[in-house]
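> would you be able to build a 3D model of this:
(2 chains)
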Amino acid sequence: VENVWLLDRLSSRKAALGTLYLTATHVIFVENGSETRKETWVLHSQISSVEKQATTATGCPLLIRCKNFQVIQLVIPQERDCHDIYISLIRLTRPVKYEELYCFSFNPKLDKEEREQGWKLLDLNEEYNRMGIPNNYWQISDVNRDYRVCDSYPTEVYVPKSATAHIIVGSSKFRSRRRFPALSYYCKDNNASICRSSQPLSGFSARCLEDEQMLQAIRKANPGSDFIYVVDTRPKLNAMANRAAGKGYENEDNYSNIKFQFIGIENIHVMRSSLQKMLEVCELKSPSMSDFLWGLENSGWLKHIKAIMDAGIFIAKAVAEEGVSVLVHCSDGWDRTAQVCSVASLLLDPYYRTMKGFMVLIEKDWVSFGHKFNHRYGNLDGDPKEISPVIDQFIECIWQLMEQFPCAFEFNERFLIHIQHHIYSCQFGNFLCNSQKERRELKIQERTYSLWAHLWKNRADYLNPLYRSDHSQTQRALYPQMAPCNFLYKFWSGMYNRFEKGLHPRQSVTDYLMAVKEETQQLEEELEVLAERLANLQKSQLNDNPVKSKQQERSKPLGLSTSNNSLANTPQEYSNDLKSFPSRSPSQGDEDSALILTQDNLKSSDPDLSANSDQESGVEDLSCRSPSGGGCLPSEDSGKDSDEAIFLA
Amino acid sequence: MMRSSQPLTGTNGRRCKEDEKLINATLRPGKRGYIIDTRSLAVAQQARAKGGGFEQEAHYPQWRRIHKCIERFNILQESLIKLVEACNDQSHNMDRWLSKLEASNWLTHIKEILTAACLAAQCIDREGASVLVHGTEGTDSTLQVTSLAQIILDPRCRTIRGFESLVVREWLQAGHPFQQRCAQSAYSNSKQKWEAPVFLLFLDCVWQILRQFPCSFEFNEQFLLLLLEHAYASQFGTFLGNNESERSKLKLPQKTMSLWSWVNRAEELSKFQNPLFEANSLVIWPSVAPQSLQLWEGVFLRWNRPSKFLDEAQEEMINIIKYN
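Here you go, the predicted model:
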């Protein structure tokens, strides 16, 4: 469709005229004229809603909201076209079959072996070995080898040595969705462990010998402690209500040597609503500080993040400081349980703060343990009540930790953002379906590519320059404080206002330091070369053989301060009183930028966007590029005018 | 950019030809000027009853007046007290935290001040127009606006020496009443009539800009903290007194040491240098969106949390750059 306007969300004055394309996998907007022909690509999988708004004089507005928090406002001249686009998008963004998803047509032009290798990058058995298992207390069990015991669990689970197949099967019958207690994390220093399950089907008074034996087995696997914690991550009221439905929680009287604890994290519906409210705040045009803070508090979002973090801290301390094992569950053991177990593991074990370790952590506690990616993130069209930002919250917990412990993580913020992006993008096959069983049935590994391999290949972009493996922050457990005045939970504008670059710091400390480190490395290599030449020269001088010194080819020092991102340096909307100012200052000309470093130098600033401009679907790395600072091509000059207009009403 | 106090127009609409001549002299040929009044229109109008007021369009036809309301100094102290209280609340409750932060209005003040400063800077840089800034007395919000505008516009103000000169010019010499404003701070028992964290707000605004442009300042956060501390309590005479006249009468230059003479010694200065600094000659425009403004943890949560992890990060940054 031609003559479509793409509006800048922040500044109604800035609009781009262009052509809108709909392909099988993407929505593409190509700007008219201009030498650059800016393109905005949006994957259908990323689109969470399309809204047709009331027709105005200029045309029919269409608002597209994405799961990665990008918001695209289009204005289509003809109502009929707008309707067609709307209907098409509704269909395209609600796939019914997995095969419709992008990962089945995505072609990064790797050969079969590379694809296979990509899937082998992470091996969970190796991970459990690293933890020290199997050993005297824990073993691998294949009782679920055909998914006959629990179809949402992996084929290989780790259980206490004293848990026989009979006990496991019996316990599984007493657990919601048959998700019996299984090992998530083992601390070899003191034998304490984190196990996970779903809620027991205890109702008001039901008991199950095997389930009780299972918990005893977990306790016995830790000789250093005579009890275990059972942590129910739900609010007490919800758990009690479940008893009426024949489910519930563990009664301390029935299970010997347990100490029971409610943590009180809200359910998926509350979280879905919380995010919704927070995004409404993000969509406010020119909010006051009060509007923003009040809106943020009203959404409850940071409170929920803190609740998850606090749960993780409790469990980490139980394991590392008290040396007590913990069994964690919620209702079905695939949402809050996953969040809390993975946060706790990361607090305990510095390995999970490395890039590989973090990928392994997600593989373990989210992918293998049957977190319902399809239902939660809407790969396919499904029940809207199942949608919830569960893994987003986990990822945000990690970001909050990164802000407080800047040296503790091998990876940077961009790594987290890209992972979130690809969980929704369905460009890779890792996060499809609801369980390992479903993924194997679909032969995901033979038909799609692994995100982890892709991220690993580009790992230079994801490094944290402040990370050193021998640092105090990276050696041991992390214990963040719990009072909000001691651990400041911040609003993550890098994620929720990701595409509004004008809101972020205009100079990136991470990128700057990475550039310095790269230059240092180059210089060191140069130094080595020169030292060698010097040695050779000296040798040949001794041999009385004069050697003509060549002109040394100087490798250019990495321009540490790249410039020319006009985004960095344009005034915002500061006043409602002034008439429009000219867009350029007479004194500034085109050098309109403060230092924004190395965006130009880095190959990929935001999702795989800088990779290429091939417009066919199925070509490498097409996510979204947007003129409104859509996080890719650094030369996007969004900020400039978005700010300009807002200054002056 | 000029600064002053309010014109004494009063209820009779008095005019003063000399005043008009003076500010008209700053107009660039063929261009208008902007008067930024840091009071709301209502407040400015009310000021007439007490003999004050604002520049009338009829008498200053080449000037356009903009009201960019910044809270009066007496309200600011309340704000600080509430904020500090919120920051000391050790309860684990997240709900009360955000609403207490919001109720203090501290970040709202930051936003107002930065917005006004950006506006002043925009007039000069984008429009090439002269600017006159004033509030009531010209000793509080006026100075916040003029000094922040210079930081935005002039890269020299982002160097250590440049910033020191800025503070001397726009705060000390301009007559910000330090002795009245920085007598007690947030924990004072008695309600001090003239007390207000005006200078702290200014430093907070500088920190906000520093956070957004971490490579554009020669000094670091520690330097701002230093100035904050010495404004309230100091063994140096620099921040004593309310204006130059008082300082001269007190014979401060003869009887006391200057903070600058100590801070500018190489071994001291090295603590306050920003390792990420790369001199640039540009104008930097901060974002004043609520998402871009943050609580200054280094001041308000300074005693609540171990700074160990952030210190280590700082050290690592310095190491990376030094090694290079």
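
> how much space between A:Ile218 and A:Glu210?
Distance, A:Ile218 to A:Glu210, by C-beta to C-beta, to the nearest Å: 13 Å. Quick note: C-beta positions are derived from backbone N, CA and C, even for glycine.

> more crowded one of those two?
Comparing A:Ile218 with A:Glu210 by other C-beta atoms under 10 Å in any protein chain shown, the one with more neighbours is A:Ile218, at 27 against 19.

> ok, the more buried one touching A:Lys161?
No: between A:Ile218 and A:Lys161 there is no contact under C-beta atoms under 8 Å: 10.8 Å.

> residues touching residue 185, list them.
Since you didn't name a chain, this refers to chain A. Neighbouring residues of A:Tyr185 by C-beta atoms under 8 Å, 6 or more residues apart in numbering or on different chains: A:131, A:193-194, A:319, A:341, A:344-345, A:348-349.

> wait, chain B was what I had in mind.
Shown in contact with B:Ser185 (C-beta under 8 Å, 6+ apart): B:80, B:195, B:197, B:232.

> can you rerun that using 7 Å?
Shown in contact with B:Ser185 (C-beta atoms under 7 Å, 6 or more residues apart in numbering or on different chains): B:Tyr232.

> can you dump the C-alpha atoms of stretch A:180-198 in CSV for me?
C-alpha atoms of stretch A:180-198 as CSV (Å, rounded to 0.1, in the frame of the first residue of the first chain):
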residue,chain,number,x,y,z
PHE,A,180,7.0,-34.5,40.8
PRO,A,181,9.8,-33.1,42.8
ALA,A,182,13.0,-33.0,40.8
LEU,A,183,16.4,-31.4,41.1
SER,A,184,17.0,-27.9,39.8
TYR,A,185,20.3,-27.0,41.5
TYR,A,186,22.8,-28.8,43.7
CYS,A,187,25.3,-27.0,45.8
LYS,A,188,28.3,-29.3,46.2
ASP,A,189,29.9,-27.3,48.9
ASN,A,190,27.3,-28.4,51.4
ASN,A,191,25.0,-30.8,49.6
ALA,A,192,22.0,-28.5,49.9
SER,A,193,19.8,-28.5,46.9
ILE,A,194,16.9,-26.7,45.2
CYS,A,195,14.2,-29.0,44.0
ARG,A,196,11.1,-28.1,42.1
SER,A,197,7.6,-29.5,41.6
SER,A,198,4.0,-28.5,41.3
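
> what pairs with the helix or strand hosting A:Val50, parallel or antiparallel?
For A:Val50, the host element (DSSP states H and E) is strand A:47-52. If you go by DSSP bridges, strand A:47-52 pairs up with strand A:60-66 (antiparallel).

> now the strand it pairs with: buried residues?
Applying a neighbour-count criterion of 16 or more other C-beta atoms under 10 Å in any protein chain shown, one finds A:60-66 buried in strand A:60-66.

> swap in stretch B:275-295?
B:275-277, B:280, B:282-295.

> which helix in the chain has the most residues?
All of this is about chain A. What stands out as the longest helix in chain A, according to DSSP state H, is helix A:509-542.

> please go with chain B instead
Max-length helix for chain B by DSSP H is helix B:106-127.

> the residue nearest the centre of chain B: what's it in contact with?
Taking C-alpha atoms, centre = their mean, the centroid of chain B lies closest to B:Phe202, which sits 2.5 Å from it. Contact analysis of B:Phe202 by C-beta under 7 Å, 6+ apart lists B:144, B:147-148.

> helices - which of the residues you listed land there?
Mapping the contacts of B:Phe202 onto helices (DSSP H) picks out B:144, B:147-148.

> ok, of these, which one's closest to chain A?
Comparing the ones in helices among the contacts of B:Phe202 against chain A with C-beta to the nearest C-beta picks out B:Leu148 as the nearest, at 11.9 Å.

> what number of residues lie near residue 323?
The chain I'm using is chain A. A:Gly323: 15 surrounding residues under other C-beta under 10 Å.

> think we crossed wires, I meant chain B
11.

> wait, isn't it in contact with A:Thr520?
Yes: applying C-beta atoms under 7 Å, one finds B:Tyr323 in contact with A:Thr520, separated by 6.1 Å.

> get me the contact residues on the stretch 101-250 of chain B for chain A.
B:101-102, B:107-108, B:111, B:115, B:118-119, B:122, B:125-128, B:211-216 (C-beta under 7 Å from any C-beta of the partner chain).

> now the buried members of those residues.
The neighbour count (16+ other C-beta under 10 Å) marks B:101-102, B:107-108, B:111, B:115, B:118-119, B:122, B:125-127, B:211-216 as buried among those.

> hey, where'd the strands end up in the stretch 201-324 of chain B?
Here the stretch 201-324 of chain B has no strands by DSSP state E, counting those that start in this stretch.

> for it, which residues score under the pLDDT cut-off?
The stretch 201-324 of chain B contains no residues with pLDDT under 70.

> go with 80
Scanning the stretch 201-324 of chain B for pLDDT under 80 picks out the ranges B:305.

> repeat that for chain A.
Along chain A, segments meeting pLDDT under 80 span A:9-14, A:33-36, A:469-475, A:483-485, A:543-649.

> okay, now the domains of it?
Split into domains by the TED database, chain A comes to A:4-94, A:115-500.

> which one of those lies nearest to B:Ser245?
In terms of C-beta to C-beta, the element of the domains of chain A nearest to B:Ser245 is domain A:115-500, at 37.6 Å.

> just the CA trace of the strand holding A:Val50, in CSV.
Taking C-alpha atoms only, strand A:47-52 is exported to CSV below (Å, rounded to 0.1, in the frame of the first residue of the first chain):
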residue,chain,number,x,y,z
ILE,A,47,2.9,-8.2,17.0
SER,A,48,0.8,-8.5,20.0
SER,A,49,-2.2,-6.3,18.9
VAL,A,50,-3.4,-4.2,16.0
GLU,A,51,-5.8,-1.4,16.6
LYS,A,52,-7.8,0.4,14.0
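
> buried residues in it?
Using 16+ other C-beta under 10 Å as the test for burial, strand A:47-52 gives A:47-48, A:50, A:52.

> what does that strand contact?
Applying C-beta under 7 Å, 6+ apart, the contact partners of strand A:47-52 are A:60, A:62-67, A:82, A:86, A:89-90, A:93.

> nearest residue to residue 236 other than its sequence neighbours?
Let's take chain A. A:Phe262 (4.6 Å; C-beta to C-beta, 6 or more residues apart in numbering or on different chains).

> actually, chain B is the one I wanted.
B:Phe236 sits nearest to B:Leu259 (C-beta to C-beta, 6+ apart), 4.0 Å away.

> what sits against the one you found?
Counted by C-beta under 7 Å, 6+ apart, B:Leu259 has contacts B:230, B:234, B:236, B:238.

> wait, which of those residues is closest to chain A?
B:His230 (25.7 Å).

> next one: the residue nearest the centre of chain A from A:Gly494, what distance?
Closest residue to the average C-alpha location of chain A: A:Gln420 at 2.9 Å, with C-alpha atoms, centre = their mean. A:Gln420 is 11 Å from A:Gly494, where distance means C-beta to C-beta.

> ends of stretch B:290-307, how far apart?
For stretch B:290-307, the separation between the terminal residues is 25 Å (C-alpha to C-alpha, to the nearest Å).

> show me what contacts B:Leu132?
Shown here is B:Leu132, whose contacts under the criterion C-beta under 7 Å, 6+ apart are B:2, B:4, B:23, B:33, B:35.

> filter those to the buried ones?
Buried members of the contacts of B:Leu132, scored by 16+ other C-beta under 10 Å, are B:4, B:23, B:33, B:35.

> is the third one in a bridge, and if so with what?
Each beta-bridge partner of B:Gly33 is listed here: B:Trp63, B:Ser130, as defined by DSSP bridges.
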